[in-house]
Structures are given as structure tokens and as C-alpha cells.
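Asker: A structural model of the following input is requested.
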Amino acid sequence: MKLTLLTALVLAPLTVLHAADPAPAPIHETFGADFNAKRFITPIPNKNTELRDGVLWTRGSSGGKYPPMVYLAVEGKDLAISFRYRHLSDGGMLWFFVDGDDGFGSEDHMLRVKLLRDGVQLEVDGHSKDEHHPLRQNTRPADKVSGVYRLNEFFPLEKVDLKSNAWREVKLVFQGEQVAMSIDGKVWSKTLSRANFNAGKRKLLWMQNGGEKGIEIDDVHVQATSQTP
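Answerer: Numbers count the residues shown, from 1 in each chain. Below is the predicted model of the structure:
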């Protein structure tokens, strides 16, 4: 049987070409006149946080269990993230969280960088459906959406002198299962490898205990990275 050209085209296997997933739009926020509050999940201004003199200023107490928090929505797996921060009084702390996909259909903490005045402490949060996992956070029930338990891996405090109220630059570069981190480039640096770092990143969180004088944040960069840090 002879096939016409039209018949041959109909019977030929269909090949679908998918365009490469576009890179997430970069974020560069300097909290100037063109500040875009829509990027942030946290409404800004609020009772603890506002723009002041071209920076994001957070002070005081939230009145709840945790210090005041600011959330920024992000998108992507391999991301380079950086920001600057400055304390305006003695004491206090800044915790920086990266939240992402938990691998089971929900979102949760992935990495916590605790920026204390005398050092840096890291916590990696993984996830498992094993309720008897040795790293399970026992005070936390299973996630309501994915049914998984949060796993806490705590690292010892690494002594770093961060007592001066100077601007500090924090940088994290995620590439596959690895993240390279630094403060002011050479003041402190560390690289970690964990399987859950290869998941999609969804939110950044600054948890700030800076007293009434507060903490300033500026120059937030988030962009895709495709090369080894």
C-alpha cells in the first residue's frame, strides 16, 4: 500500500520540543525610591519593619514566640544569594533561613545561618516520613500537607567576632547539593554538601532580634548561578 505524503506525516512519530526552563528573574533590592514591596511575603511597612534612610530597618519585639521576621519570595534551585546587614546596638542576633521544597509536596526550612555576635552556627533541616528517625524534631508534628517530619542537624558554633556594629556582607551560593557560604569574603566561610540543597528554593527569611535600635538590611541580591562557586 502506498502512503500519501499527508498519511505518512500523520503516522510519523510526534516529536515535541520543550524549551529550556527559563532562569528565575533576578532580584536586586536596594530599598531606594523604586522599592517593590510586592516581592516580599511580609507586608512592609509593619509595626516592626519599615524603610528608613534607604535600608530595611527592623526593631523591637514581635510580641510572640519569635523575634520579628521578614519573608522574601524566591524561585529556583541553583541560586546565588547575598545581602548586607548591620546591628545598631550591642547584643542581639540575626538568623537567616532558606526555605524550599521538602521533597514530599510541601515547603519548609532547608538551611539556617545563625549570625550571632560571637560566631556563626548552622542548622540543616531535612525531611523524612520515618517518625522514629534519630534526627527528628520531636516537638514538631508531621507536616499537614506532605506528612513528613522535620530533621534537625545542628553544627557547633564557629567562633567569629561579629560584635562591631559594622556592615557585614553575607553570601550563599547553591549549586546542586552544595552551598558555599561566607561573611565579608574572608571573615568566615564554609561549604556544605547535603542532598536536600538540590531542591527548589521558595523563601528567604530574616529573623531579627536587634532591640529598640534594631538591625538594618540592604543590597539584597538573588540570581541564578550555573557555575561552581
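
Asker: which element is the most centrally placed residue in the chain on?
Answerer: The residue lying closest to the centre of the chain (CA atoms, centre = their mean) is residue 98, at 2.3 Å. Under the criterion of DSSP states H and E, residue 98 resides in strand 93-101.

Asker: Report the angle between the very next helix or strand once past that strand and strand 93-101.
Answerer: Later in the chain than strand 93-101, the nearest helix or strand by DSSP H and E is strand 107-116. Orientation of strand 107-116 against strand 93-101 (axes from the mean of the first three to the mean of the last three CA atoms, to 10 degrees) gives an angle of 160 degrees.

Asker: Note down every partner strand of strand 107-116 and its orientation.
Answerer: strand 93-101 (antiparallel), strand 119-128 (antiparallel) (DSSP bridges).

Asker: Run through who's touching the last one.
Answerer: Meaning strand 119-128. Residues outside strand 119-128 that contact it (CB atoms under 8 Å, 6 or more residues apart in numbering) are 102-104, 108-114, 135-136, 143, 146, 148-160, 162, 183, 188, 190, 192, 194-196. C-beta: built from backbone N, CA, C; applies to glycine.

Asker: What of the shortest one?
Answerer: Under the criterion CB under 8 Å, 6+ apart, residues 81, 83, 85, 87, 107-117, 170, 172, 174, 196, 199-210, 215 lie in contact with strand 93-101.

Asker: Sketch out the low-pLDDT regions of the chain for me.
Answerer: The chain contains residues with pLDDT under 70 at 1-23, 226-229.

Asker: switch the cut-off to 80
Answerer: With pLDDT under 80 as the threshold, the chain has low-confidence stretches at 1-24, 226-229.

Asker: What distance do you get for the residue nearest to residue 108 when sequence neighbours are not counted to residue 66?
Answerer: Using CB to CB, 6 or more residues apart in numbering and skipping residues adjacent in sequence, the residue nearest residue 108 is residue 102, 4.8 Å away. Look at residue 102 and residue 66: by CB to CB, to the nearest Å, they are 20 Å apart.
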